[in-house]
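[1] Here is the input, now give the coordinates:
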Amino acid sequence: LPNFDLRQQSLPATAGSPDQQAGVALLRARLPQARVDFDPLTGAPKSISASGQFLTGAKGEGKAVSPAAVAGLATDDPHRAVKAFLREHRPLFGHGPEALDAARVKREFVAPHTGMKTVVWEQQVDGIPLFEAVLIAHTTGRGELVTLSSQFVPDPPAAANRGTSGRAALVDRPAISAQQAVAISARNIGEALEAKDL
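    Numbers count the residues shown, from 1 in each chain. Sure, this is the predicted structure:
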């Protein structure tokens, strides 16, 4: 199949916008061991970690998160650490925790041997998932944020409009129906399997 990803690599993994670089400086001022790598296509902070450290303390408090960032977040919120981190480091992401409200939880599980919780959110526009636009968080059983990876875009509707002219009309009147798309996919898979058997 032809490559349908028309994006071009434009940034080195250690780059970022001026706002993001200021966000990295703030993060490292609070947590010197912090490391941020940016996605070369989207410019999103694809990997945030701290060598030998958690990004936050228990219940999402402390370390790289100030008391103001957790204020108002329910102590029993299972995603408190992620929301507080996003709120504190908004310049790094281009959005805050409100981006999670517009996304859907694609996957959530707890590792039985470590108690590490992994949550994967997926961005959507008009109920359609954005290509590779996921945010992945790992937290301990005590609510300490271990690592965060984001490929979220700051303004999904604007990004979708830039990528597809007349997007709203296409969503209202797609070129093929969902049933036709499934039938075409099934036919292509069948042909691929037959070719492999030959």
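
[2] partners of the helix or strand hosting F131, with directions?
    When secondary structure is defined by DSSP states H and E, F131 falls within strand 128-139. Next to strand 128-139 in the sheet, as set by DSSP bridges, lie strand 117-125 (antiparallel), strand 145-150 (antiparallel).

[3] Contacts for the shortest one, please.
    Pointing back at strand 145-150 there. Strand 145-150 has contacts (C-beta atoms under 8 Å, 6 or more residues apart in numbering) with 44-49, 54-56, 60, 81-82, 85, 93, 116, 134-140. In short, each C-beta sits where N, CA and C put it, glycine included.

[4] just the CA coordinates of the helix or strand just after it, formatted as CSV?
    Using DSSP H and E, the helix or strand that follows strand 145-150 in sequence is helix 156-163. The C-alpha trace of helix 156-163 is given here as CSV (Å, rounded to 0.1, in the frame of the first residue of the first chain):
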residue,chain,number,x,y,z
PRO,A,156,-7.1,18.7,16.8
PRO,A,157,-9.9,20.3,14.8
ALA,A,158,-7.5,22.9,13.3
ALA,A,159,-5.0,20.2,12.5
ALA,A,160,-7.7,18.1,10.8
ASN,A,161,-8.8,21.1,8.8
ARG,A,162,-5.2,21.8,7.7
GLY,A,163,-4.7,18.2,6.6
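
[5] Now do the buried residues in helix 156-163.
    156, 159-160 (16 or more other C-beta atoms under 10 Å).

[6] Q124: which of those is nearest?
    Using C-beta to C-beta, the shortest approach to Q124 within the buried residues of helix 156-163 belongs to P156, at 7.4 Å.

[7] Longest helix in the chain, please.
    Of all segments of type helix in the chain, defined using DSSP state H, the longest is helix 178-197.

[8] sorry, back to before: what average pLDDT does the strand holding F131 get?
    Summarised as a single mean, pLDDT over strand 128-139 is 94.

[9] Equivalent analysis for stretch 57-66, please.
    For stretch 57-66, mean pLDDT rounds to 97.

[10] what does that stretch rub up against?
    Contact with stretch 57-66 is made by 27, 30-31, 34, 50, 53-56, 67, 70, 73, 75, 80-85, 88-89, 142-145, as judged by C-beta under 8 Å, 6+ apart.
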